[in-house]
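# No letters, just coordinates:
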């Protein structure tokens, strides 16, 4: 929307300065230094929030590079959410859309995604309805034949680099060799309904298909396995059924399967 | 959802996550109510959703918004305002206030308070947005006098600006006494004369806080320090000029221990009890 009145033009100039650090003359100000106070407050607000949201990214990039990133983000990307805690997601979108320093930091997008998804899952609304669950502690042998309730408070992300399990030094080595550790990785992040703690676990491509089937189809474990095999183009075999049982055992152990549906 | 209906009075404390244990400790009895920013609590689940519900069970709630940006050029964000409306209803919020400033421009949120130019055009623009907001919410809101470090293209003085908006929009006023002190210091005017020029019959809520002196001629409204004596004095004087309303202590970081916090709350409460019981008795 274009400013309609002169005072709105001044607001635009002030806001632009606060984002870009490009000073514009404004009438009636006490001093340029007083106007700079606003730039400092706003930039520091962005910087503090992003450092807290992305502590691993901050450590990997270092203070100087992180500051350059925040500056560029503030200048070029309009933060759209009225909720400050969601603003770090805008940084992820900025890096993705602008392909920010993809050649220098090929892992950056993944690192931000990994750190953001923890915040997103921690803060997401309560989605599980305990009234739907018939048995909370489900024996493994029931998993394949019962209609299962999965924890809805979760998110799966796909990453090129396994940043969730690499030490910081290994992540930094990717800068010199973008093919190092590169692949297709799936990370399940979910909120424990009893403790509210956020957990994550790596998924194989097959377990991702099984999880997707469970979430979509409101089905038994056996039906989810068969759907996963169909999607993967696999022929049913005892070996695959044993692997699938192990996957569900893991889902049960980590609390991702909440019980069976009534 | 609150199950208790408590009259909103006395001195409350802004709810911050770092103070959650203090607020929910059964031994805590100092804050009479809590203030929450809807932006930080809307649609939240998990641990903090549970904390919010526990706090709402125990305390009456006021809400002080952060991002509605009443002074912005662009239209009011009705989707966001719907979320605020739902929050206010869910928690039976008795007072909803927002800042008389702008923090969004060119559809970019800046997450801090920028000064609206003090001019008649801005009075008209902001008043219309307040009326629109009040119509949408089905209730009056209170606007807060913000601290500012420089005016931008001023054509009228700050008190006239605030008074004109309150009159034209028929809204209420949240009087931040610390902000008056900060602005009076930073811009060289008398804080009592300033307060006298405001529509004091429209004050429904008071904020008190600490600040930080960054230079010989500059104070920043940080909410991270104890309230200083001159601000307590100004507060005490202000109480003689308005009828009884709830008072909130704002502390955003650098939190003291519970004893010190309750000391500050207690002092505010003692001043309130002293001045307004005299006023009520008269």
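Received it, and whenever you're ready, just let me know what you need. Predicted model, so just to flag it, every value in this text is computed and none were measured.

# So which residues of the stretch 51-200 of chain B form strands?
Read by DSSP state E, counting those that start in this stretch, the stretch 51-200 of chain B holds these strands, from start to end of the chain: B:61-64, B:96-99, B:102-105, B:108-114, B:142-144, B:172-176.

# mean confidence score for the helix or strand harbouring residue A:56?
Assigned by DSSP states H and E, residue A:56 belongs to helix A:55-61. On average, the pLDDT along helix A:55-61 is 98.

# Would you check that residue A:217 makes contact with residue A:225?
No. Using CB atoms under 8 Å, residue A:217 is not in contact with residue A:225, being 11.5 Å away. (Glycine included, C-beta is placed from N, CA and C.)

# quick revisit: could you say what helices and strands the helix holding residue A:56 packs with?
helix A:63-76, helix A:108-123, helix A:168-173 (3 or more CB pairs under 8 Å, 6 or more residues apart in numbering or on different chains; DSSP states H and E).

# so which of the ones you listed is the most packed in?
Among the helices and strands packed on helix A:55-61, ranked by average contacts under mean count of other CB atoms under 10 Å in any protein chain shown, first place goes to helix A:108-123 (a mean of 21).

# and residue B:220, what is it in contact with?
A:37, A:41, B:147, B:149, B:182, B:211, B:212, B:213, B:214 (CB atoms under 8 Å, 6 or more residues apart in numbering or on different chains).

# bridging residues for it?
Note on residue B:220: beta-bridge partners residue B:212, judged by DSSP bridges.

# Would you mind measuring from it to residue B:47?
Distance, residue B:220 to residue B:47, by CB to CB, to the nearest Å: 32 Å.

# Quick one: name the residues of the stretch 101-250 of chain B near chain A.
Within the stretch 101-250 of chain B, the positions lying close to chain A (CB under 8 Å from any CB of the partner chain) are B:102, B:104-112, B:114, B:116-117, B:119, B:121-122, B:125, B:149-154, B:186-187, B:218, B:220.

# quick one on the thing from earlier: which one of the helices and strands packed on helix A:55-61 lies closest to chain B?
Closest to chain B of the helices and strands packed on helix A:55-61, according to CB to the nearest CB: helix A:108-123, at 5.5 Å.

# what's in contact with that closest one?
A:53-57, A:60-61, A:85, A:88-89, A:91-92, A:95-96, A:100-102, A:153-155, A:157, A:159-161, A:163-164, A:171, A:187, A:189-191, A:196, A:198, A:200, B:44-48.

# Could you check the angle it makes with helix A:63-76?
80 degrees (axes from the mean of the first three to the mean of the last three CA atoms, to 10 degrees).

# Check the offset of helix A:108-123 from the chain's centre.
3 Å (CA atoms, centre = their mean, to the nearest Å).

# quick one: contacts for the residue nearest to residue B:15 when sequence neighbours are not counted?
Residue nearest to residue B:15 in three dimensions, not counting chain neighbours: residue B:34, with 4.3 Å by CB to CB, 6 or more residues apart in numbering or on different chains. Neighbouring residues of residue B:34 by CB under 8 Å, 6+ apart: B:12, B:13, B:14, B:15, B:23, B:55, B:59, B:60, B:61, B:62.

# does stretch A:19-37 come close to chain B?
Yes. Stretch A:19-37 is in contact with chain B by CB under 8 Å from any CB, via A:19, A:26, A:27, A:28, A:29, A:30, A:31, A:34, A:35, A:37.

# Narrow the residues you listed to those in helices?
Here DSSP state H is the test, and these give A:19, A:34, A:35, A:37 as lying in helices.

# residues near the closest residue to the second one other than its chain neighbours, how many?
If the residues on either side of it in the chain are set aside, residue A:34 comes closest to residue B:150, at 3.8 Å by CB to CB, 6+ apart. Using other CB atoms under 10 Å in any protein chain shown, the number of residues around residue B:150 comes to 21.

# got any ranges where chain B has weak pLDDT?
For chain B, applying pLDDT under 70 flags the ranges B:1-7, B:278-282.

# So which of residue A:217 and residue A:225 has more stuff around it?
residue A:225 (27 against 13).

# Give the other helices and strands that the helix or strand where the more buried one lies contacts.
Using DSSP H and E, the element containing residue A:225 is helix A:221-232. Judged by 3+ CB pairs under 8 Å, 6+ apart, the packing partners of helix A:221-232 are helix A:205-217, helix A:238-253.

# need the least confident one among these, by mean pLDDT.
Among the helices and strands packed on helix A:221-232, helix A:238-253 scores lowest, at a mean of 83.

# between that helix and helix A:221-232, how many degrees?
With the same axes, to 10 degrees applied, the angle from helix A:238-253 to helix A:221-232 works out at 120 degrees.

# what packs against helix A:238-253?
helix A:140-143, helix A:205-217, helix A:221-232.

# hang on, residue A:60 packs against residue A:168?
Yes. Counting by CB under 8 Å, residue A:60 does reach residue A:168; the two are 5.6 Å apart.

# Residue numbers of the stretch 51-200 of chain A in contact with chain B?
A:78-85, A:87, A:122-127, A:153, A:191, A:196.

# follow-up on the earlier one: can you list the buried residues in the helix holding residue A:56?
A:57, A:58, A:60, A:61 (16 or more other CB atoms under 10 Å in any protein chain shown).

# can you name the two of those that are farthest apart?
Spatial extent of the buried residues of helix A:55-61 (CB to CB) is set by the pair A:58 and A:60 at 7.5 Å.

# which stretches of the stretch 51-200 of chain B form helices?
Along the stretch 51-200 of chain B, counting by DSSP state H, counting those that start in this stretch, helices occupy B:78-90, B:120-137, B:158-169, B:177-187, B:191-196.

# can you list contacts of stretch A:206-213?
Contacts for stretch A:206-213 (CB under 8 Å, 6+ apart): A:150, A:156, A:186, A:188, A:203, A:219, A:223-225, A:227-228, A:231-232, A:234, A:243-244, A:247-248, A:250-251, A:256.

# Buried subset of the residues you listed as a ChimeraX selection?
For the buried members of those, the matching ChimeraX selection, counting by 16+ other CB under 10 Å, is:
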select /A:150,156,186,188,203,219,223,224,225,227,228,244,247,248,251,256
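
# So for the residue of the stretch 151-262 of chain A found nearest chain B, what's the nearest residue that isn't a sequence neighbour?
Relative to chain B, the nearest point of the stretch 151-262 of chain A is residue A:196 (3.8 Å; CB to the nearest CB). Take residue A:196 and drop its neighbours on the chain: the residue closest to it by CB to CB, 6+ apart is residue B:47, 3.8 Å away.

# Correct me if wrong: residue B:254 contacts residue B:209.
No. The pair residue B:254 / residue B:209 is not scored as a contact, 11.9 Å apart, by CB under 8 Å.

# Please say which of those two ends up with more neighbours.
Between residue B:254 and residue B:209, counted using other CB under 10 Å, the more crowded position is residue B:209 (25 against 13).

# That one against residue B:182, yeah?
No. Using CB under 8 Å, residue B:209 makes no contact with residue B:182, being 9.2 Å away.

# Need the overlap of contacts for those two.
In contact with both residue B:209 and residue B:182: residue B:221, using CB under 8 Å, 6+ apart.

# Could you export the helices and strands packed on helix A:238-253 as CSV, including distance to residue A:70?
Listed next are the helices and strands packed on helix A:238-253 as CSV, based on distance: least, CB to CB, whole Å:
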stretch, distance to residue A:70
helix A:140-143, 46
helix A:205-217, 33
helix A:221-232, 41
